[in-house]
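> what follows is a predicted structure for the sequence shown.
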Amino acid sequence: MTMGALGVVYGDIGTSPLYALKEAAKAAAHGGTVTNDAVLGVASLILWALLLIISLKYALLILRADNRGEGGIVALLALLHARHAQPGTWRAHLLVVGLVGAALLYGDGAITPAISVLSAIEGLKVDAPSLAPAVVPVTIVILVGLFMMQKQGAGFIGRIFGPVMLAWFIVLAALGIHGIVKAPAVLAALSPLYAFDFLIHQDFHVSFAILGAAFLAVTGGEAMYADMGHFGRFPIRLAWFAICLPALVLNYFGQAALLITDPTMIENPFFQLCPDALHYPLVAFSAVATVIASQAIISGVFSLTQQSIQLGFLPRMQIRHTTSDAIGQIYVPLVNWLLAAATLGAVLSFGSSEALAGAYGIAVSLLMAITTLLAALVAIQWGYSPWLVVAVNGFFFVIDVIFFSANSIKLFEGGWFPLMLAAFVAFLMLTWRSGVKLVEAARAKLRQPEEDLIETAVNKCSARLPGTAVFLASAARGVPLALTQFVKHNHVLHERIVLVTVLIEELPHTTDEDRIEVIEIIPGITRVILHYGFMQNPTIYDGLSLACRQGKLPGIDLSDITYYVGRETIIPREDVPGMWVWRETLFAFLQRNAERSAAFFGVPTKQVVEFGTELEI
């Protein structure tokens, strides 16, 4: 598990040495020659950022805020029960903040592959400056291949993620030691006083620029929390403290030592650490490592999308499971190609890792601040002393805000790009969630109570059709609109009616024992509620099969039943209270193009009958 964590969790932060110290040193030099004091200050700043933000905050504290072993923004929102918050309450505002945090991961997902692969391919220019025009085309080719590969699944690459990244961290450490031996004086930067003293003696705008660039060294640290459910708390911590942290610190200090001995190496100290004969092999190895880092963030975006769909924050989309033996291996075609368009657009627009560095830190620093805030509220909810939580999380929140403020000065230098993507995704999430509530309110007005169904079944249906009919119901009470339409037009009922509702719990997983809830309304009419976690794939056919095996639905042949599903047409109306009409029109467009209920919930295609209903919102 520790080896797996190396490949998936630490791919992003593990490739940060390609560009982090370089950008921080350039900010410290601010157009001139970088001094020894500046180099030591930058190295010390990066070291203590890794210790405070990654080691202390994430590895030791944030990893405690798990939802049955799962981490990430969505898990925090589920712990805080923000999904069902009433409008205007503090939990409702918290939900907006949390959805913005989740949306920031999409901005991160577009920038990470672009800056990582660009920084690796830029190593070609160290020995052959004439190859500079080839950097962007080569990067584009690699990224296009990466996104085209997603539909095959990452399983076959995933098996070699860990060993490759272990080799990568060994190379980082070896290069660092090679540099430190030439200038052991760099070890003085272990003292935090160098970072503090250097920053306070710079102009304010220079200090902020250095802080913003140094923050690049901790980008990717949020993956420790987001991927906790895949590997567990202990393997993630072990991989960090035993392998990643020592290798990263050695490499950063090796680069700093190189700049002390030769400040002209500032254009690419990472590749200059390497002996000349190994430059091109290192470029190739760096490209492989950055592809792994990119794959990890892309898979994370797929996973976040699935969780957001389950919890009702995004419309249903086609989700393909690329392997039968690993539930986390999924492919979301629409998200993949939208992310590819954003990533390739970033490469073509910015053209270099240096230009992209300005766009990178702002989204990640804001995401870290939001995570710190939500984790503090979870800790208070769990009964920890509010004073202790405010003191500890407040300390880290101040650090997050400082780094966010430092990155904010890059807003017009590219920082707008991930924020624009995040704002767009957050707006879609909020629009979808509000629209779903309006649709449910419209359904509730049309939905008959169960008593009417009983009256119809007992007294008004002169004939009963042979066989079993399953009606999908969005609510666990009342009569599904599809069943109302069926009775209205046909004036008959089947001999056996099963009303099926899927409920997504605010838990990552539910067990088979807790999955099925069966309620007999009257003989011949049964309500089945299927409980799934937000990390699971809600399949109605599998749920009913389980109910039959458990003896809760005796006498049903699943191959000989008909599923009736409602298909709703949304009609925006100005005279119906709700959202602005243009947002309702956007919601109607999203709903029209969402994955069909029957397909999303795994209902056998040849057994489905759809009933159309118009709903005004």
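Yes, it's here.

> which residues does the closest residue to P449 other than its chain neighbours contact?
Ranked by Cβ to Cβ, 6 or more residues apart in numbering and with sequence neighbours excluded, the top spatial neighbour of P449 is G478, at 5.9 Å. Every residue, glycine included, has its C-beta placed from N, CA and C. Listed by Cβ atoms under 8 Å, 6 or more residues apart in numbering, the contact set of G478 reads 444, 447-450.

> A strand includes G478, no?
No - applying DSSP: H, G, I helix; E, B strand; the rest coil, one finds G478 to be coil, outside a strand.

> look up phi and psi at it.
G478 adopts backbone torsions of phi 80, psi -180, taken as degrees, to the nearest 10.

> run a quick neighbour tally on the nearest residue to L193 once chain neighbours are set aside.
Distance criterion Cβ to Cβ, 6+ apart; nearest residue to L193, sequence neighbours excluded, is S44 at 7.8 Å. S44: 27 surrounding residues under other Cβ atoms under 10 Å.

> just L481 next, same as before
Applying other Cβ under 10 Å, we find 22 residues neighbouring L481.

> which of the helices or strands spans the nearest residue to Y58 once chain neighbours are set aside?
The shortest distance from Y58 to any non-neighbouring residue, by Cβ to Cβ, 6+ apart, is to M224 (4.9 Å). Following DSSP states H and E, one finds M224 within helix 223-226.

> contacts for that helix, please.
Here helix 223-226 has contacts from 8-13, 54, 58-59, 62-63, 65, 71-73, 105, 236, 240, 296-297, 300, 303-304, 371, using Cβ under 8 Å, 6+ apart.

> for the helix or strand of the chain with the lowest mean pLDDT, C-alpha coordinates in CSV please.
Taking mean pLDDT, DSSP states H and E as the measure, helix 228-231 is the helix or strand of the chain with the lowest mean score, a mean of 76. Output in CSV follows, covering the C-alpha atoms of helix 228-231 (Å, rounded to 0.1, in the frame of the first residue of the first chain):
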residue,chain,number,x,y,z
MET,A,228,-6.7,8.4,1.9
GLY,A,229,-9.5,6.0,1.2
HIS,A,230,-7.5,4.2,-1.4
PHE,A,231,-4.4,3.4,0.7
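
> helices or strands next to that helix in the packing?
helix 2-8 (3 or more Cβ pairs under 8 Å, 6 or more residues apart in numbering; DSSP states H and E).

> report all helices and strands that the next helix or strand after the helix it packs on contacts.
Downstream of helix 2-8, the first helix or strand assigned by DSSP H and E is helix 11-14. Packing partners of helix 11-14 (3+ Cβ pairs under 8 Å, 6+ apart): helix 155-182, helix 223-226, helix 245-261, helix 279-310.

> ok and the longest one relative to helix 155-182, angle-wise?
Angular relation of helix 279-310 and helix 155-182 on a 0 to 180 degree scale: 130 degrees, by axes from the mean of the first three to the mean of the last three Cα atoms, to 10 degrees.

> same thing with the third one?
Put simply, helix 245-261 runs at 40 degrees to helix 155-182, going by the same axes, to 10 degrees.

> how far off centre is the helix or strand following helix 245-261?
Going down the chain from helix 245-261, the next helix or strand is helix 269-272, by DSSP H and E. Relative to the chain's own centre, helix 269-272 is displaced by 32 Å; criterion: Cα atoms, centre = their mean, to the nearest Å.

> please point out which parts of helix 269-272 sit buried.
Under the neighbour-count criterion of 16 or more other Cβ atoms under 10 Å, helix 269-272 has 269-272 buried.

> can you dump the C-alpha coordinates of that helix into PDB?
Taking Å, rounded to 0.1, in the frame of the first residue of the first chain, the C-alpha atoms of helix 269-272 are listed here in PDB:
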ATOM      1  CA  PRO A 269      19.000  24.100 -11.700                       C
ATOM      2  CA  PHE A 270      17.300  20.700 -11.600                       C
ATOM      3  CA  PHE A 271      18.700  19.400 -14.800                       C
ATOM      4  CA  GLN A 272      22.000  21.200 -14.300                       C
END
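
> contact partners of it?
17-19, 21-22, 25, 123, 126, 175, 251, 255, 258-259, 265, 279, 282-283.

> what do you get for stretch 174-189?
Around stretch 174-189, the neighbours that count as contacts under Cβ under 8 Å, 6+ apart are 39-41, 43-44, 47, 194-195, 247, 249-258, 260-261, 270, 273-274.

> which among those residues count as buried?
Among those, those classed as buried by 16+ other Cβ under 10 Å are 39-41, 43-44, 47, 194-195, 247, 249-258, 260, 270, 273-274.

> check the offset of stretch 336-344 from the chain's centre.
The answer for stretch 336-344 is 15 Å, by Cα atoms, centre = their mean.

> let me fix that: stretch 408-423
Using Cα atoms, centre = their mean, the distance from the centre of stretch 408-423 to the centre of the chain it belongs to is 19 Å.

> likewise stretch 133-147?
On Cα atoms, centre = their mean, the centre of stretch 133-147 falls 24 Å from that of its chain.

> stretch 202-213 too?
On the basis of Cα atoms, centre = their mean, stretch 202-213 sits 30 Å off its chain's mean C-alpha point.

> check which residues of that stretch are buried.
In stretch 202-213, counting by 16+ other Cβ under 10 Å, buried: 202, 206-213.

> got the residues you listed as TSV, with secondary structure, distance to A423 and pLDDT columns?
As requested, these are exported to TSV (DSSP: H, G, I helix; E, B strand; the rest coil; distance: Cβ to Cβ, whole Å; pLDDT from 0 to 100):
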residue	secondary structure	distance to A423	pLDDT
Q202	coil	32	78
V206	helix	29	81
S207	helix	28	84
F208	helix	23	84
A209	helix	25	84
I210	helix	28	87
L211	helix	24	88
G212	helix	20	87
A213	helix	24	86
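
> quick check, nearest of those residues to V581?
Proximity of the buried residues of stretch 202-213 to V581 was ranked by Cβ to Cβ; the top entry is G212 with 41.3 Å.

> what about the stretch 201-350 of the chain, any weak spots by pLDDT?
322-329 (pLDDT under 70).

> one more time with 90, if that's ok
In the predicted model of the stretch 201-350 of the chain, residues 201-216, 219-236, 262-268, 271, 274-280, 288, 290-308, 310-313, 318-332, 349-350 satisfy pLDDT under 90.

> for stretch 122-131, C-alpha coordinates in CSV please.
Below are the C-alpha coordinates for stretch 122-131, written out as CSV (Å, rounded to 0.1, in the frame of the first residue of the first chain):
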residue,chain,number,x,y,z
GLU,A,122,12.1,22.0,-21.1
GLY,A,123,15.1,19.9,-19.9
LEU,A,124,15.8,19.5,-23.6
LYS,A,125,17.0,23.1,-23.7
VAL,A,126,19.8,22.6,-21.2
ASP,A,127,22.1,20.9,-23.7
ALA,A,128,20.4,22.0,-26.9
PRO,A,129,18.9,25.5,-26.8
SER,A,130,18.0,25.1,-30.4
LEU,A,131,15.3,22.5,-29.4
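
> quick revisit: name the secondary structure element that contains the residue nearest to L193.
Using DSSP H and E, S44 sits in helix 36-49.

> which strands or helices does the next helix or strand after that helix pack on?
Counting by DSSP H and E, the next helix or strand C-terminal to helix 36-49 is helix 73-79. The contact analysis (3+ Cβ pairs under 8 Å, 6+ apart) places helix 73-79 against helix 90-121, helix 279-310, helix 353-381.

> now those helices in JSON lines, with mean neighbour count and distance to P137?
Formatted as JSON lines, those follow (neighbours: other Cβ atoms under 10 Å; distance: least, Cβ to Cβ, whole Å):
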{"stretch": "helix 90-121", "mean neighbour count": "24", "distance to P137": "9"}
{"stretch": "helix 279-310", "mean neighbour count": "22", "distance to P137": "14"}
{"stretch": "helix 353-381", "mean neighbour count": "24", "distance to P137": "15"}
